[in-house]
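In: Predicted model follows, preceded by the sequence.
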Amino acid sequence: MVAPVELEPISNDINDKDARRSYEQLRENIIDRDQVSATNTLYELLKQGRSKVEILSETVRTHAPFTHVPYHQKIDQGIVRFVNNDHCLLSGGATLRLENYMSKQFEFLPLAQTVWYVPTGLDIWNQLKGRMPGHYSRRVYDASKYPEGPLKPEVHWKDEQPNLIDGTFDNGVSEWLQLVERGDVSGSYRQWLGLWEDTSNRKNLLANTVFAGLIDVQDRMMYNRSFTTGHKSFRARAAVELGNRIGWDNAHHVIYATVPDLAVGPRWYSAYEASCQIMINQLEEDAPASSLAATEATDTDQAYFRQTQPLTEIEEESLIRMILREEEAAYFEAITMLLKAGRSPQAILDAIQIASARVILAIADPPAYSMPQHGYEYTNTLAWFFRTFEHPHKTKLLYIAANFVNQCARLIRDMPDYNYKTHHTSRFSKTLKAGSFQAPEGTDQLSPRQLLKKVDESMMALDQDASVAYVEAYLVAGHERESLIKILAMGAVKQGNDPHNQEIGLCMLEDYTRTSSSLGGELLMASARHTAGHQKYGDSLELYKRYAESMDIKVQGNGDLSNNEDQIESLLDDIDMYLEPNEGGRPQTLD
């Protein structure tokens, strides 16, 4: 298939003829939805010495026109149906973030997972209509209806030219946010592109781009299937990190893949509106005399954000329990009182993350991870936003994070199997509580390496309770953390066919390394449980095995672990490779 005309040309910076030919081949593989050929082409590019960032850039350039949807919801035969969010861009961002955790032999495995997934992630809208194969059409696509082959992926939002911005940059950003709020996809994109031409304010614009995603979060979960799930902020973060590594002057395709979707509906701002009302009426020195009064810009939010006093252990545990067990009035008031008492917003967020980890630790059924994993990723993205950008409304976002995690806690408390069909009995009298994870007798006699093997074995065998128990045993024994973190990261990356899941396991590892909470070990336990427990699709180890074969890595066993303890045991010898150091440096940060 010839690459569609909607695609940008391959970068002019790529002068090598063999490389350009390989990138043309990669495009064709992706558009043809040919996963095997796409990854084979990837391995050719790696053998040619092409860089990870260059390959990611060209992969995004290929999928950018085809990962938008007209709307993230559709009424079908009178029934509201959810239209999923793109995971291709997320996977590219996660590839960069995972490079610090991979050993030398597996340094390109996250990239391979991305290239393996992208051909299945194009044009979600038409996949859900059953018009083409892919990750989202597993249950609805019938190849016999398309004897001449499936339809080509469709471009739902075309690229645009920038608006001419009249007035100040700040007023232009305000107008852009209103266009996003009103759902003017093309108009908001043109406005954003116009603002982007002010190179002195690009970091400010990126901050507001992520902010636009962070304030767009659903306000209910129970008996819903249609959510924003924080995805717009996750994709905005991926765009920032990809653009920073590629170089923004060469990253228009990253912008095109990201910015239009911010205005695609439905959009939910009610949780953010509540946080604004709390700030205006309870945290500002003078509350407005009327709801009709003009909006006044203050630095109150920023003043609260500068607070550095940590939470006491009692304050932290009390806030966690309120988020997990109480209605919003209780934990909203608790956050407000903590802020008034001088407590650090970052420390409050760290407590919210522990609450989110405890929701993960309470899950047993794979489908039930769906929303809680997004709740955790929201807190991780918010923590990154706190560290990366200056913004006048950061403190308000604590209330959204707490509300998101509370929604997840109530969902798992009241519908632990996340099954609308079989859910008949009320569970409203129950309290969300993580299980008791008891390691087998004699675990305390195991060496650190033996414990790491047990952690890896449990995740590979999808044994959620054992995964947590062995991580906890490792922590209690006081062993060094770096090796455990590498094993947990590798466990997440091995699982393929939807690399968004590996990103969520990574989120917990990232937060463990920076949390102020003394309960941070629960983040590592939650990472292990998530990897073992989240929904798997097809042979989730297929790409891992193909990667090892293509890169001439002699892994033990073939990864088919169903009821086969011998194969599990043989795969455990691979952990020595997982722990080998990688000479690569840390990724650059946005300056």
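Out: Ah, there it is. Residues are numbered from 1 along each chain as shown.

In: Report how many residues lie close to the nearest residue to Leu324 once chain neighbours are set aside.
Out: Using Cβ to Cβ, 6 or more residues apart in numbering and skipping the chain neighbours, the partner closest in space to Leu324 is Ala409 (4.6 Å). Just so you know, the C-beta spots here come from the backbone N, C-alpha and C atoms, and that holds for glycine as well. Residues lying near Ala409 (other Cβ atoms under 10 Å) number 23.

In: Tell me the predicted confidence for Ala409.
Out: Ala409 is assigned a predicted lDDT (pLDDT) of 94.

In: Show me where the stretch 251-400 of the chain has its helices.
Out: 252-258, 270-278, 300-305, 313-325, 328-340, 345-361, 370-388, 397-414 (DSSP state H, counting those that start in this stretch).

In: who's in contact with the residue nearest to Leu324?
Out: Neighbour list for Ala409: Ile323, Leu324, Arg325, Ala355, Val359, Leu432 [criterion: Cβ atoms under 8 Å, 6 or more residues apart in numbering].

In: quick one: least confident of these?
Out: Leu432 (61).

In: Kindly report the domain assignment for the protein.
Out: Residue ranges for the domains of the chain, per automatic domain parsing: 19-268, 302-414, 443-578.

In: I figured Trp176 hits Gln191, correct?
Out: Yes. Counting by Cβ atoms under 8 Å, Trp176 does reach Gln191; the two are 4.4 Å apart.

In: ok now stretch 78-87, how far from the chain's centre?
Out: Put simply, stretch 78-87 sits 18 Å off its chain's centre (Cα atoms, centre = their mean, to the nearest Å).

In: Show me which residues of it are buried.
Out: Residues of stretch 78-87 classed as buried: Val83, Asn84, Asn85, Asp86, His87 (neighbour count, 16 or more other Cβ atoms under 10 Å).

In: Isn't the third one up against His72?
Out: Yes. Counting by Cβ under 8 Å, Asn85 touches His72, with 6.7 Å between them.

In: re the thing from before, take the helices of the stretch 251-400 of the chain and write them to a markdown table, including distance to Pro162.
Out: Formatted as a markdown table, the helices of the stretch 251-400 of the chain follow (distance: least, Cβ to Cβ, whole Å):
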| stretch | distance to Pro162 |
| --- | --- |
| helix 252-258 | 11 |
| helix 270-278 | 28 |
| helix 300-305 | 30 |
| helix 313-325 | 42 |
| helix 328-340 | 39 |
| helix 345-361 | 35 |
| helix 370-388 | 25 |
| helix 397-414 | 29 |
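
In: Relative to Ser516, which of those is closest?
Out: Among those, helix 345-361 comes nearest to Ser516, with 5.0 Å by Cβ to Cβ.

In: Next, the angle helix 313-325 makes with the closest one.
Out: Orientation check (axes from the mean of the first three to the mean of the last three Cα atoms, to 10 degrees): helix 345-361 against helix 313-325 gives 50 degrees.

In: Next, the angle helix 328-340 makes with helix 345-361.
Out: Using the same axes, to 10 degrees: helix 345-361 against helix 328-340 is 150 degrees.

In: ok now helix 345-361, how far from the chain's centre?
Out: With Cα atoms, centre = their mean, you get 16 Å for helix 345-361.

In: Please list all residues in contact with Pro153.
Out: Pro4, Ile31, Phe66, Leu122, Asp123, Asn126, Met132.

In: what's the closest of these to Ala461?
Out: Leu122 (33.1 Å).

In: Over to the closest one. Which of the three states is it?
Out: coil (DSSP: H, G, I helix; E, B strand; the rest coil).

In: Which one of Trp176 and Gln191 is surrounded by more residues?
Out: For Trp176 versus Gln191, neighbours defined as other Cβ under 10 Å are more numerous around Trp176 (29 against 25).

In: could you list every residue that touches the more buried one?
Out: Ser188, Gln191, Trp192, Leu195, Asn208.

In: switch to 6 Å and redo it
Out: Trp176 sits next to Ser188, Gln191, Trp192 when contact means Cβ atoms under 6 Å, 6 or more residues apart in numbering.

In: circling back to that earlier point, return the two entries of the contacts of Ala409 that lie farthest from one another.
Out: Farthest apart among the contacts of Ala409 - using Cβ to Cβ - are Arg325 and Val359, which lie 11.5 Å from each other.

In: Same drill for those two, tell me which one is more crowded.
Out: Set side by side, Arg325 and Val359 show more neighbours around Val359, with 29 against 17, by other Cβ under 10 Å.

In: Touching, the more buried one and Asn406? I think so.
Out: No. Look at Val359 against Asn406 with Cβ atoms under 6 Å: they stay out of range, at 9.4 Å.

In: Reformat the contacts of Trp176 into a markdown table and put secondary structure, distance to Thr258 and pLDDT next to each item.
Out: A markdown table is the format used below for the contacts of Trp176 (DSSP: H, G, I helix; E, B strand; the rest coil; distance: Cβ to Cβ, whole Å; pLDDT from 0 to 100):
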| residue | secondary structure | distance to Thr258 | pLDDT |
| --- | --- | --- | --- |
| Ser188 | helix | 12 | 98 |
| Gln191 | helix | 15 | 98 |
| Trp192 | helix | 10 | 98 |
